[in-house]
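[1] Predicted model and sequence follow; I will ask about them next.
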Amino acid sequence: MNTITLNNGVEMPQLGFGVWQVQNEEATAAVQTAIEVGYRSIDTAMIYQNEEGVGKAIKNAGIAREDLFITTKVWNTDQGYEQTLKAFDESLEKLGLDYVDLYLVHWPTPQFDTYVDTYKALEKLYKDGRVKAIGVCNFHIEHLERILNECSVKPVLNQVECHPYLSQNELKEFCKKHDIYVEAWSPLQQGGEVLQLDSIKEIANSVGKTPAQVVLRWHLQNDTIVIPKSVTPSRIKENFDVFDFELSQAQMETINKLNRNERKGPDPSDMNVR
């Protein structure tokens, strides 16, 4: 299992398991399967409404708490300093944990202009030792610049939509310069069109892997943290089986050239759902 070292010295698995759009009851079985397969990083959020299911799986896993890396996020309706602290307590209670490893601001929702205050609440949680690391999701460069200018604890990562059709090159450059990791949600692209591309299938055939494994390997070799989601045990295992091969520079370039700056999810500048 590859781990990366975040800018505050905390170790994080580079490949994790996501549970977006997984029902609460289903999440318990999916996360238990993921942990059995070897995943040690689990990514949830308040808005997914499955923190309880995830917590149950963690409790049943028989794995030492310090060997797991648990991420959750504060939703848009809970943004603001005091509301965020309250939301964190609620998430912790649902998860049944004493701390989380990573707490993230889910969206900047710039129209409401609360993300700086929200992040300052995360800083308090971090300084109080209730979270091991803090970061953000779906932040454009302009949003990150405000955090870097107005807050005192640098985000360890920015979790964003990222896949071969949306490679986020400019954002990655900015984050690298500031020692902030990029973490990919929807790494295989919602709808999976990229997995049907002849160029991806040809690479998969030549390395003896599936198109999904090839795309996940592309993320890993680009120093991106990645959290694929599945509820199918065979797929959960397949997505984890990406450490026994490497893509050549030419194969990496083939995938790099697929970028269209094409989103499936909302643009963070327009996302104002509360």
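    Arrived safely, thanks for sending.
[2] Quick one: mean pLDDT over stretch 113-122.
    For stretch 113-122, mean pLDDT rounds to 97.
[3] dump the residue contacts of Arg263.
    Contacts for Arg263 were tallied using C-beta atoms under 8 Å, 6 or more residues apart in numbering; they are Glu161, Leu166. Every C-beta, even on glycine, is put in place using the N, C-alpha and C of the backbone.
[4] For the chain, identify the residue most remote from the centre.
    What lies farthest from the middle of the chain is Ser206; by C-alpha atoms, centre = their mean that is 29.0 Å.
[5] That one is in what secondary structure piece?
    Counting by DSSP states H and E, the element that carries Ser206 is helix 198-207.
[6] so what secondary structure elements neighbour the helix or strand following that helix?
    Beyond helix 198-207 on the C-terminal side, the first helix or strand identified by DSSP H and E is helix 211-221. If you count contacts as 3 or more C-beta pairs under 8 Å, 6 or more residues apart in numbering; DSSP states H and E, helix 211-221 packs onto helix 198-207, strand 225-226, helix 233-240, helix 249-256.
[7] possible to save the ones you listed as CSV with distance to Leu6 and mean pLDDT?
    Output for these, formatted as CSV (distance: least, C-beta to C-beta, whole Å; pLDDT from 0 to 100):
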stretch, distance to Leu6, mean pLDDT
helix 198-207, 30, 98
strand 225-226, 9, 98
helix 233-240, 21, 96
helix 249-256, 24, 98
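[8] Point out the most buried one among these.
    Compared across the helices and strands packed on helix 211-221, strand 225-226 shows the largest average neighbour count, a mean of 26 (mean count of other C-beta atoms under 10 Å).
[9] ok so, going back, how much space between the residue farthest from the centre of the chain and His163?
    Taking C-beta to C-beta, to the nearest Å as the measure, Ser206 falls 21 Å from His163.
[10] Ok, Ala121 next?
    Distance of Ala121 to His163, given as C-beta to C-beta: 31 Å.
[11] and the helices and strands packed on helix 211-221 as JSON lines, adding distance to Leu68?
    Conversion of the helices and strands packed on helix 211-221 to JSON lines gives the following (distance: least, C-beta to C-beta, whole Å):
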{"stretch": "helix 198-207", "distance to Leu68": "30"}
{"stretch": "strand 225-226", "distance to Leu68": "16"}
{"stretch": "helix 233-240", "distance to Leu68": "15"}
{"stretch": "helix 249-256", "distance to Leu68": "31"}
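[12] So which of those is nearest Asp98?
    Nearest of those to Asp98, taken as C-beta to C-beta: strand 225-226 at 23.9 Å.
[13] got a list of contacts for the closest one?
    Residues from elsewhere that reach strand 225-226 (C-beta under 8 Å, 6+ apart): 4, 12, 14-16, 157, 159, 181-184, 187, 216, 219-220.
[14] Most widely separated two among those?
    Greatest spatial distance among these (C-beta to C-beta): Leu157 and Leu216, at 17.4 Å.
[15] Could you check how far the nearest residue to Glu51 once chain neighbours are set aside is from Ser152?
    Sequence neighbours aside, Lys94 is the residue nearest to Glu51 in space, at 3.9 Å (criterion: C-beta to C-beta, 6 or more residues apart in numbering). Lys94 sits 29 Å away from Ser152 when distances are taken as C-beta to C-beta.
[16] re earlier: surely the residue nearest to Glu51 is in a helix?
    Yes. With DSSP: H, G, I helix; E, B strand; the rest coil as the criterion, Lys94 is part of a helix.
[17] That one reaches Gln49, doesn't it?
    No. Using C-beta atoms under 8 Å, Lys94 is not in contact with Gln49; the gap is 9.3 Å.
[18] neighbour-wise, which of the two wins?
    Lys94 (20 against 14; other C-beta atoms under 10 Å).
[19] Now do the contacts for that one.
    Taking C-beta under 8 Å, 6+ apart as the test, what Lys94 contacts is Glu51, Glu52, Gly55.
[20] Just the pLDDT for it.
    Reading off the model, Lys94 has pLDDT 98.
[21] got a list of what Thr3 touches?
    Contacts for Thr3 (C-beta under 8 Å, 6+ apart) come out as Glu11, Met12, Pro13, Gln14.
[22] Which residues does it form beta bridges with?
    Pro13 (DSSP bridges).
[23] thinking again about what came up before, filter the contacts of Lys94 down to just the ones in helices.
    Glu51, Glu52, Gly55 (DSSP state H).
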